[in-house]
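Novice: Please work out how this folds:
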Amino acid sequence: MRIAVIGSGAIGCLVAAYLKEKGQEVTLIGHNSAVKAIKDKGVFVSGVRGNFLVYIGISDTLNYIPDLVILATKTQDINSAMQNNSHLMQNSLLLTIQNGVQADNLVARYLSAQNIISSIVMFGATSLAPGKVVHNFEGSWVLGNFFNHKLSESMLSVSLILDKAFPTVISEDIKGAKYLKIFVNANNCLPAIIGKSMQEVFSDLIISRISIAIWKEAFKIIDRVGIGLVSLPGFPVENLTKLTSMPDGLAAQVFSQQMSSLSKEPLYGSILQSIMRGSLSEIDYINGEFVRLAEENNMPAPLNRALVDMVHAVEKNGRFFSKDDLIQKTKDLI
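Specialist: Model prediction:
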């Protein structure tokens, strides 16, 4: 199976490197700066499985018809990626891996829904430089059908190939699982606002209380709208319901302990990694998804709205907030 990975950031490079190492025929599609770096020096992966270097073919646009496309761009970059490459994908399977719940609908503007497989990655990676990636922690790769058409042999075939690199799971309700994954990602905005690693940020109990407040506000919205959350490997729905039903101080302690030990290497989260590269982040598809649902259902979401605004301010001005600024701006919202 010829596999094209579009997007050469942390996750794109990581999955391309592991699939290539497992003997798959893989190419990368990336921006010009990544193309030169990866052509010259390959992809170097360090982290939980040790260190290795692999050379992968890379270009700035797709130049052949692949059997499978792994779309590893951020959600906000899907339209440009599809406009540049979709003419060669019309008979290919395409796997989305973006956070949030909008990616599959965006891709369906360009490809038949029958060819789209949705997925969630539960492993974590950090991009240090073009072609240089840290694999921070292990996790499964969850596949499913966002448009509710019948699970196909094609999905099973893709699952078996990806399973060579990461353990795969097929979900019968990928949309419910994706909404739960938004909760997993919803606290990434806090390291992005302060500009520090997740371990540094979440070792602080006051900031961990803000995290619990984010979940509580979002959980009320999801519950009111009637969206059913579906457990993820390593993160059952009960993790969320138990923490949001605890006293805030105790929940913050438990959350802080979990997040502080997530990785031995500094972990920055996808939102901060985008900002550090000078790119727009996916905040509108994470906390912004909660705000969107609240607006559509005449509900308040003041904390998530304030945090979305603060991330956009960092994107615009290039200046991080201090911890005291964050606490001051959210103290009346938690």
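Novice: So for stretch 99-116, what gets flagged as buried?
Specialist: 99-104, 106-108, 110-111, 115-116 (16 or more other Cβ atoms under 10 Å). C-beta here means a position set from N, CA and C on the backbone, and glycine is covered the same way.
Novice: Give me the residues contacting the longest helix along the chain.
Specialist: For the chain, the longest helix by residue count, based on DSSP state H, is helix 205-225. Contacting residues not belonging to helix 205-225 are listed as 179, 182-183, 186-187, 189-190, 194, 201-202, 229, 240-241, 243-244, 248-249, 251-253, 255-256, 259, 287, 290, 293-294, 297, 299, 301-304, 307, 323, 326-327, 330, 333-334 [Cβ atoms under 8 Å, 6 or more residues apart in numbering].
Novice: Same question for stretch 235-248.
Specialist: 122, 180, 183-184, 209, 212-213, 215-216, 219, 229-231, 251, 254-255, 334.
Novice: what about burial for those, which qualify?
Specialist: For those, buried by 16+ other Cβ under 10 Å: 122, 180, 183-184, 209, 212-213, 215-216, 219, 229-231, 251, 255, 334.
Novice: in this structure, which segments are predicted with low confidence?
Specialist: 149-151 (pLDDT under 70).
Novice: Show me the residue at the heart of it, geometrically.
Specialist: residue 99 (4.0 Å; Cα atoms, centre = their mean).
Novice: Confirm that that residue sits in a strand.
Specialist: No - using DSSP: H, G, I helix; E, B strand; the rest coil, the assignment for residue 99 is coil, not a strand.
Novice: Let the chain start at 345 from now.
Specialist: Okay, residue one is now 345; in that scheme the one you just asked about reads as residue 443.
Novice: Which residue is the nearest non-sequential neighbour of it?
Specialist: residue 529 (5.1 Å; Cβ to Cβ, 6 or more residues apart in numbering).
Novice: by contact count, what packs against the host helix or strand of the one you found?
Specialist: Element membership for residue 529, per DSSP states H and E: helix 518-529. Other helices and strands packing on helix 518-529, by 3 or more Cβ pairs under 8 Å, 6 or more residues apart in numbering; DSSP states H and E, are strand 460-465, strand 485-488, helix 549-569, helix 581-589.
Novice: okay, the angle between that helix and helix 581-589?
Specialist: Computed by axes from the mean of the first three to the mean of the last three Cα atoms, to 10 degrees, the angle separating helix 518-529 from helix 581-589 equals 50 degrees.
Novice: Other residues contacting the next helix or strand after helix 518-529?
Specialist: Using DSSP H and E, the helix or strand that directly follows helix 518-529 along the chain is helix 533-538. Applying Cβ under 8 Å, 6+ apart, the contact partners of helix 533-538 are 541-542, 544-546, 551, 554-555, 558, 612-613, 615-616, 619, 625, 627, 630-631, 651-652, 654-655, 658, 664-667, 670.
Novice: Show the buried residues in those residues.
Specialist: Buried among these by 16+ other Cβ under 10 Å: 541-542, 544-546, 551, 554-555, 558, 612-613, 615-616, 619, 625, 627, 630-631, 651-652, 654-655, 658, 664-665, 667, 670.
Novice: quick one: the strands in this protein?
Specialist: 346-350, 369-373, 387-391, 396-398, 401-403, 412-415, 437-440, 460-465, 468-473, 476-481, 485-488, 512-514 (DSSP state E).
Novice: between the longest helix of the chain and helix 581-589, what angle do the directions make?
Specialist: Going by the same axes, to 10 degrees, helix 549-569 makes 110 degrees with helix 581-589.
Novice: chain center to helix 549-569: distance?
Specialist: From the chain centre to the centre of helix 549-569 is a distance of 19 Å (Cα atoms, centre = their mean, to the nearest Å).
Novice: Stretch 532-548 too?
Specialist: 16 Å.
Novice: ditto for stretch 516-528
Specialist: That offset, for stretch 516-528, works out to 12 Å (Cα atoms, centre = their mean).
Novice: for that stretch, which positions count as buried?
Specialist: So stretch 516-528, judged by 16+ other Cβ under 10 Å, has buried residues 518, 519, 520, 521, 522, 523, 524, 525, 526, 527, 528.
Novice: Closest one to residue 481 out of those, please.
Specialist: Proximity of the buried residues of stretch 516-528 to residue 481 (Cβ to Cβ) peaks at residue 528, which lies at 12.2 Å.
Novice: got TSV for the buried residues of stretch 443-460, with distance to residue 433 too?
Specialist: Shown next, in TSV, are the buried residues of stretch 443-460 (distance: Cβ to Cβ, whole Å):
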residue	distance to residue 433
443	22
444	21
445	22
446	19
447	15
448	14
450	14
451	9
452	12
454	8
455	6
459	8
460	10
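Novice: Now the two most distant members of those residues.
Specialist: 443 and 459 (21.5 Å).
Novice: re the thing from before, helices - which of the contacts of helix 533-538 land there?
Specialist: Per DSSP H, the contacts of helix 533-538 map to helices at 542, 544-546, 551, 554-555, 558, 613, 615-616, 619, 631, 651-652, 654-655, 658, 667, 670.
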